[in-house]
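Undergrad: I would like to see how this sequence folds:
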Amino acid sequence: MRRLLPDNTRPIRAMCADVVRPYAGFLKEVALESLWPTRCAVCDAPGELLCARCAAALPAVDRWRACPLCGAPLGAVQCSECNDVMLAALGRETLPFDGCASAVGFNDDTGRIVKTWKDGGERRLVEVMAARMALVAEPSWIAEGPTVTPVPATEAALRRRGFDHGWELARTVAQALDLPLAQLLNRPRASDQRKLGKQERASNIAGRFAARPGTLMPRSALLVDDVCTTGATLFSACDALRAAGVERIFALTFARVQ
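TA: Sure, this is the predicted structure:
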């Protein structure tokens, strides 16, 4: 039989709740760490989301060796990604953005970070990624006060993952850079890009992005994505922003395939 506490215990219960409430988050973290300890996304060592050794070993993109136009990691002298021949193969004469940068090169380790964040349930990794991205955003871009906006995920990706990874990354980058944030593009209707080649990716995603109806477009935008593989997705998203009236567009990604 359930025993009911007398009414005169209510002030005591309220006081106890007031004492416990500030520590609720801490107690929750302690419980979670006891059941599922935090582990490094790269080496699986317990303790941190990304241990110091693995963080130091990530292939950071050297801005002095990267292409000043498209951000390709080794394109400072002669870029193999945005030269006239490569652009012509994609049906383009110029790049659709005014600048592009990536924090790290894509390899097994950085790929594991992205996969663990998007598909492995470790959403706290977005802070690690955004912090790295904020470091490589050009000061001249930030000085323009661009609106941060994500490359939006498809509806299929949203259903599969249960969260909007593009928006989450853009929001965290915007907070790190103290810039405004807005969803400027609709979700694309496109097949999964991951198993497609360069020209197939370009054809698959071309024209699939569009500005959100009724959205006031800023003069400049900082387009955020997790990985730049061939540039096809960034190109298409930039085309939509440009068509909607955005004058200056910069692109920022966590990883870049070299």
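Undergrad: quick one, strands of the stretch 151-258 of the chain?
TA: Counting by DSSP state E, counting those that start in this stretch, the stretch 151-258 of the chain has strands at residues 220-228, 248-256.
Undergrad: please work out which of those is packed deepest.
TA: Most buried of those, by mean neighbour count (mean count of other CB atoms under 10 Å): strand 248-256, with a mean of 26. For every residue, glycine as well, the C-beta is placed using N, CA and C.
Undergrad: so how far is that one from its chain's centroid?
TA: 10 Å (CA atoms, centre = their mean, to the nearest Å).
Undergrad: quick one: that strand to strand 220-228, angle?
TA: Strand 248-256 runs at 20 degrees relative to strand 220-228, counting by axes from the mean of the first three to the mean of the last three CA atoms, to 10 degrees.
Undergrad: from the contact counts, what lies against strand 248-256?
TA: strand 99-105, helix 108-118, helix 125-136, strand 220-228, helix 232-243 (3 or more CB pairs under 8 Å, 6 or more residues apart in numbering; DSSP states H and E).
Undergrad: with mean pLDDT added, can I get the strands of the stretch 151-258 of the chain in CSV?
TA: Shown next, in CSV, are the strands of the stretch 151-258 of the chain (pLDDT from 0 to 100):
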stretch, mean pLDDT
strand 220-228, 97
strand 248-256, 98
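Undergrad: any idea which of those strands gets closest to Val61?
TA: Relative to Val61, the nearest member of these by CB to CB is strand 248-256, separated by 6.3 Å.
Undergrad: so what are the sheet partners of the closest one and their directions?
TA: Paired with strand 248-256 in the same sheet, following DSSP bridges, are strand 99-105 (parallel), strand 220-228 (parallel).
Undergrad: reformat those strands as JSON lines; add distance to Glu144.
TA: What follows is those, written out as JSON lines (distance: least, CB to CB, whole Å):
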{"stretch": "strand 99-105", "distance to Glu144": "10"}
{"stretch": "strand 220-228", "distance to Glu144": "5"}
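Undergrad: if we can go back for a sec, could you dump the strands of the stretch 151-258 of the chain into a markdown table and include distance to Asn83?
TA: What follows is those, written out as a markdown table (distance: least, CB to CB, whole Å):
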| stretch | distance to Asn83 |
| --- | --- |
| strand 220-228 | 17 |
| strand 248-256 | 17 |
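Undergrad: ok, which of the strands paired with strand 248-256 comes nearest Arg65?
TA: Per CB to CB, nearest to Arg65 of these: strand 99-105, 10.9 Å.
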